[in-house]
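Undergrad: 3D, please:
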Amino acid sequence: MKKIFLSGLLTLASAGSILAQNELSNFTATGRGGVINTFASDYQVLGINPANLGRANNATFAFSIGEFGAGVSSQSLTHEQLNKFIYHPSEKLDSLQKREFAAAFNNEDAFNLNVDIATFSASARIPKIGGIAIGHRIRTSAHMGLNQNAAEILFLGKDAPVFQNIADEDSLSIRETLADSEIKMQILSEWNVAYGTRLVDLPGFKLHAGAGYKYIQGVGVVEIVVNSDEITAYSALSPIFNVDYGAFLNNPRFNTTDIGGGVFKPVGKGHGFDVGLSAEIGETVLASVAVTDIGNIKWKGNLLTANDEYIQKVTSQGINSFNFFEEILEITGTGTDSLFRFVPDSEMQRNLPTKLRTGVGFKFTEKLEAGLDATIPLNNVAGNLADPFVGLGVDFKALPFLKLSSGFSAGAGYGASIPLGFTVVTPVYEFGVATRDISGLFSNDNPYLSVAFGFLRFKFGTPAL
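TA: Residues are numbered from 1 along each chain as shown. Have a look, this model is predicted:
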């Protein structure tokens, strides 16, 4: 491959054209560490809980343009190593650094990346009917967790210890050699619509229900999973990544006819649904439960799959630069020097990254609100959380025009985090900036570099501040 998936992904992200967690593009939610299930209102409910659209305190009309969030973390790389991956990708690795990376990537959460852009969102509240919301977002996720053999093969290539004691004609079992290892990357373009309404309206109890639909375009996916139960290896990448498929182009099973048009030239499409309930108990307690991303996506264009029982001995010297994703698929993907023998396929259907989202919130005063969240992945597919997420989030209105957000969160492959966010609030206009983990910006161990911002958020007909 001349142009590898994540290299194109990062280029697209830095140009502002493109996580597993939707709330990364919501700077107020990021400032609470991702705690959002009871806080979400107006168009923010998309992908979170559509039932919140039924609340009477939503804005009459709200819209936002270009909210952005990104996060990259590792439970095994150092801050310096992660910085070099981001800021100095062309720098070459020496033999000592290659061995250091081989050791560092032997971790179930060696690398996690999320990039989320909400290109536009809007919502409206209709008295006695409920609320509706529409929006478009592009969400990107990547996760790597490798066993010792897989990490050494990636960075040492033919010099990996697992290859040193076998003859060229010998075979190594994929499962015995690489379990447990995962490489998952995915970009989805989503068009969302949701509706929520009030079902029960009693003096001390209000219950809301909602549903959402999303049309999904698959821009790219790579999924390699090897464990004791399964071996999964496939990829489908849009032409925007300029992948050189070589001889595959002449294979009648290699499908280029189902590649869509438009900006992203998607190679897959699917349909998803969100359903939820939310309740207001008295004047101070909020509760929320939802299941999101119910459905599937079919990958058809440029689809390659592999089901080999044995790995092939590579001839390369492994990854040679800090831009290691430019080389990673030459070893694990569709390159000529690959561990797997890929073949063209006509279609593959995969479930969407379904999640159970629950939360409880407390409105202590008009200035102080807190929430407890738990988000649990219901399947293990590309784009889903690596682990369950739990968090505590707090919003405090320090000044009439300034809201501070913070809290504590853990899980989802990111470890423990202390978030921080600042939002300038007026009756009509909001803007802000936040990080998911203030300590992770500076910590040498378990670094977590994240930022979210938005400058074009408007609300009309909101309750008095």
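Undergrad: backbone phi and psi for the residue lying closest to residue 408 once chain neighbours are set aside, please?
TA: Leaving aside its sequence neighbours, residue 408 sits nearest to residue 392 (CB to CB, 6 or more residues apart in numbering; 5.0 Å). Heads up, the C-betas are built off the backbone N, CA and C, glycines and all. With angles defined as degrees, to the nearest 10, residue 392 sits at phi -120, psi 130.
Undergrad: check the burial of residue 392 by counting its neighbours.
TA: A count of nearby residues for residue 392, using other CB atoms under 10 Å, gives 16.
Undergrad: go on, residue 304?
TA: Residue 304, neighbours per other CB under 10 Å, totals 24.
Undergrad: and if you look at residue 27?
TA: 27.
Undergrad: am I right that it is in contact with residue 455?
TA: No. In this structure, residue 27 is not within contact of residue 455 by CB atoms under 8 Å, at 9.5 Å.
Undergrad: hmm, back to that, roughly how far apart are the residue nearest to residue 408 and residue 374?
TA: Distance, residue 392 to residue 374, using CB to CB, to the nearest Å: 11 Å.
Undergrad: can you pull out the low-pLDDT segments for the stretch 251-400 of the chain?
TA: 325-327, 329-337, 382 (pLDDT under 70).
Undergrad: do a quick rundown of the strands in it.
TA: Secondary structure of the stretch 251-400 of the chain, counting by DSSP state E, counting those that start in this stretch: strands at 268-281, 285-299, 303-305, 310-311, 343-344, 348-351, 355-363, 368-377, 389-399.
Undergrad: need those strands in TSV (columns: distance to residue 205).
TA: Output for the strands of the stretch 251-400 of the chain, formatted as TSV (distance: least, CB to CB, whole Å):
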stretch	distance to residue 205
strand 268-281	6
strand 285-299	10
strand 303-305	50
strand 310-311	59
strand 343-344	57
strand 348-351	35
strand 355-363	15
strand 368-377	19
strand 389-399	24
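Undergrad: for those strands, which one sits closest to residue 440?
TA: Nearest to residue 440, of all those, is strand 389-399, at 14.4 Å by CB to CB.
Undergrad: elements contacting that closest one?
TA: Using 3 or more CB pairs under 8 Å, 6 or more residues apart in numbering; DSSP states H and E as the contact test, the elements touching strand 389-399 are strand 368-377, strand 402-411.
Undergrad: can I get the ones you listed in CSV with mean neighbour count and distance to residue 113?
TA: Shown next, in CSV, are the helices and strands packed on strand 389-399 (neighbours: other CB atoms under 10 Å; distance: least, CB to CB, whole Å):
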stretch, mean neighbour count, distance to residue 113
strand 368-377, 20, 17
strand 402-411, 19, 16
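Undergrad: so the residue nearest to residue 408 sits right up against residue 405, yeah?
TA: No. Using CB under 8 Å, residue 392 is not in contact with residue 405, being 11.6 Å away.
Undergrad: which parts of whatever helix or strand residue 143 lives in are buried?
TA: Assigned by DSSP states H and E, residue 143 belongs to strand 130-145. Counting neighbours by 16 or more other CB atoms under 10 Å, one finds that the buried residues in strand 130-145 are 130-145.
Undergrad: for those, which one is nearest residue 226?
TA: Proximity of the buried residues of strand 130-145 to residue 226 (CB to CB) peaks at residue 145, which lies at 10.8 Å.
Undergrad: beta-bridge partners for the closest one, please?
TA: For residue 145, the beta-bridge partners are residue 182 (DSSP bridges).
Undergrad: which residues does it contact?
TA: 107, 108, 109, 110, 180, 181, 182, 386 (CB atoms under 8 Å, 6 or more residues apart in numbering).
Undergrad: likewise residue 194?
TA: 45, 46, 50, 53, 132, 133, 134, 210, 211, 212, 213, 274.
Undergrad: do you know how far the fifth one is from residue 54?
TA: Using CB to CB, one obtains 11 Å as the distance from residue 132 to residue 54.
Undergrad: surely residue 287 and residue 357 touch.
TA: No. Counting by CB under 8 Å, residue 357 is not a contact partner of residue 287; they are 11.9 Å apart.
Undergrad: which of these two has more residues huddled nearby?
TA: Higher neighbour count among residue 287 and residue 357: residue 357, with 23 against 16, using other CB under 10 Å.
Undergrad: now do the same contact list for that one.
TA: The neighbours of residue 357, taking CB under 8 Å, 6+ apart as the test, are 37, 48, 49, 276, 288, 289, 290, 291, 292, 373, 374, 375.
Undergrad: so the second one sits against residue 41, correct?
TA: Spelled out, it's residue 48. No. The pair residue 48 / residue 41 is not scored as a contact, 9.9 Å apart, by CB under 8 Å.
Undergrad: the more surrounded of the two?
TA: Higher neighbour count among residue 48 and residue 41: residue 48, with 30 against 22, using other CB under 10 Å.
Undergrad: so the closest residue in space to the more buried one that isn't next to it in sequence: helix, strand or coil?
TA: Counting by CB to CB, 6+ apart, the nearest residue to residue 48 once its immediate chain neighbours are dropped is residue 40, at 4.5 Å. With DSSP: H, G, I helix; E, B strand; the rest coil as the basis, residue 40 sits in coil.
Undergrad: would you mind listing the buried residues in stretch 256-263?
TA: Neighbour counts over stretch 256-263 (16+ other CB under 10 Å) mark 258, 259, 260 as buried.
Undergrad: revised request: answer the last question for stretch 250-257.
TA: Going by neighbour count (16+ other CB under 10 Å), the buried part of stretch 250-257 is 254, 255.
Undergrad: compute the first-to-last residue distance for that stretch.
TA: Terminal residues of stretch 250-257 lie 13 Å apart, using CA to CA, to the nearest Å.
Undergrad: can we start the residue count at 672 from this point?
TA: Shifting the count to begin at 672 puts that one at stretch 921-928.
Undergrad: what does that stretch rub up against?
TA: Residues from elsewhere that reach stretch 921-928, judged by CB under 8 Å, 6+ apart: 916, 919, 920, 971, 972, 973, 974, 1014, 1015, 1016, 1017, 1018.
Undergrad: doesn't residue 731 make contact with residue 1132?
TA: Yes. Here residue 1132 reaches residue 731: they are 2.7 Å apart, a contact under CB under 8 Å.
Undergrad: overlap in contacts, these two.
TA: Shared contacts of residue 1132 and residue 731, defined by CB under 8 Å, 6+ apart, comprise residue 796.
Undergrad: residue ranges with poor pLDDT in the stretch 772-921 of the chain?
TA: Applying pLDDT under 70 to the stretch 772-921 of the chain picks out residues 838-841.
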